[in-house]
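K.L.:
Provided below for reference: sequence and predicted model.
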Amino acid sequence: MTVDVQATRDVVDIITGGWRAQALYTAVKLGLPDHIEAGRATSAELAKSTGANEEGIRRLMRLLVAMGVFEGNESTGYRSTDVSAALLDGPQSLRDMCLLYGEEFYSAWGHAHHAISTASSGFEVAYGQSFYDYLGQDAATARRFQHTMNAGSMFFHQVPEIFDFSGGKMVVDVGGGGGHLLATILGAAPDARGTLFDREHMMPKAREHLAATIGLDRVDLVGGDMFESVPTGGDVYILCRVLAGWDDDAVVKAFENCRRAMADSTSRLLILDRFVEDENSTMLPALWDLHLLMTTGGRHRTVEGITALLTRAGLDVATVTELPMETTALIARSR
């Protein structure tokens, strides 16, 4: 039997992906991007700054340079790249994403065989409780999760381009998290008002962000559960990346609550989410879908699947628009 060298190399590249992810996680955990940006350019300097072993740092840096995270070597000194710049501590950093993926999410993926075999959450096996219950009890992880969600918000600025929020509309962001999407929308539509609706533990961070961006005089913050009820009287209700962790009946209930709460027949429901395709899928949607199984036991749906759930809730899809970051916008109206 002839050995297929390329196939062997492909297998090795795939199975060592987790090693590369953990190497990047360790670099972020040690703060290496910030230390190198500050001019600490050798393993000795990095070891002294981080308290880590110098040989361990040197071997880690060898891999990180090969991965393109940093440039340089021990002789010339290590330098930052565009990749490491994205990991510097700051408001737009991917630092918390790396920490969350390297710790809690990595532990969840450690139970991939169980999760796939049973179609249930690997996170619950690792931590003994649901992901959302864990977030409610661990403020540090909840903060990292919100920052991770914010890191995937590059499409937010285009949302006001696909829907007209002007004319004094009341915008209700259901599961609005830290308020970044609502702030973007209200910033683009100065005559609009907003309500951010989410669980109580999200209110402090949302209040802080909205106060610093558009001001609390244009927005109400309401704590609650979208499966029980949502604030009434909205002209547009938004569900942005909040449906994938829930089963079909729960999603239909959330849709029904939004429909019942709408101000009138001109009100709309705007769904912003990733959707999968069963044929000719690209890599990232397939990965995100399986990741949801690991973390929440949930899944990404097809556009046809979410349309069927909207129909059950008495809503019809009026428009479908593609956005960056492999996100799709569905605009639905009451039947």
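P.N.:
Right, received. Where do you want to start?

K.L.:
Please count neighbours and contacts with C-alpha atoms only from this point.
P.N.:
Noted.

K.L.:
what about His209, distance to Ala139?
P.N.:
According to C-alpha to C-alpha, to the nearest Å, His209 stands 17 Å off from Ala139.

K.L.:
the more surrounded of the two?
P.N.:
Higher neighbour count among His209 and Ala139: His209, with 17 against 13, using other C-alpha atoms under 10 Å.

K.L.:
Enumerate every residue touching the nearest residue to Asp191 once chain neighbours are set aside.
P.N.:
Sequence neighbours aside, Gly168 is the residue nearest to Asp191 in space, at 4.9 Å (criterion: C-alpha to C-alpha, 6 or more residues apart in numbering). Contacts for Gly168 (C-alpha atoms under 8 Å, 6 or more residues apart in numbering) come out as 191-193.

K.L.:
What of Ile214?
P.N.:
183, 186-187.

K.L.:
rewinding a little: out of the contacts of Gly168, which are buried?
P.N.:
Neighbour counting by 16 or more other C-alpha atoms under 10 Å classes 192-193 among those as buried.

K.L.:
Around the closest residue to Ser334 other than its chain neighbours, how many other residues sit close by?
P.N.:
Spatially, and ignoring its direct neighbours in sequence, Ser334 is nearest to Leu315 (4.5 Å; C-alpha to C-alpha, 6+ apart). A total of 22 residues lie near Leu315 under the criterion other C-alpha under 10 Å.

K.L.:
wait, isn't Leu315 in contact with Arg333?
P.N.:
Yes - using C-alpha atoms under 8 Å, Leu315 is in contact with Arg333, at 5.5 Å.

K.L.:
contacts for the worst-scoring helix or strand of the chain on mean pLDDT?
P.N.:
When each helix and strand of the chain is scored by mean pLDDT, DSSP states H and E, helix 139-151 comes last, with a mean of 84. With C-alpha under 8 Å, 6+ apart as the test, helix 139-151 has contacts from 92-94, 96-97, 99-100, 135-136, 177-178, 180.

K.L.:
rerun at 6 Å
P.N.:
The list of residues contacting helix 139-151 from outside it, by C-alpha atoms under 6 Å, 6 or more residues apart in numbering, reads 96-97, 135.

K.L.:
right, and the helix or strand after it?
P.N.:
helix 159-162 (DSSP states H and E).
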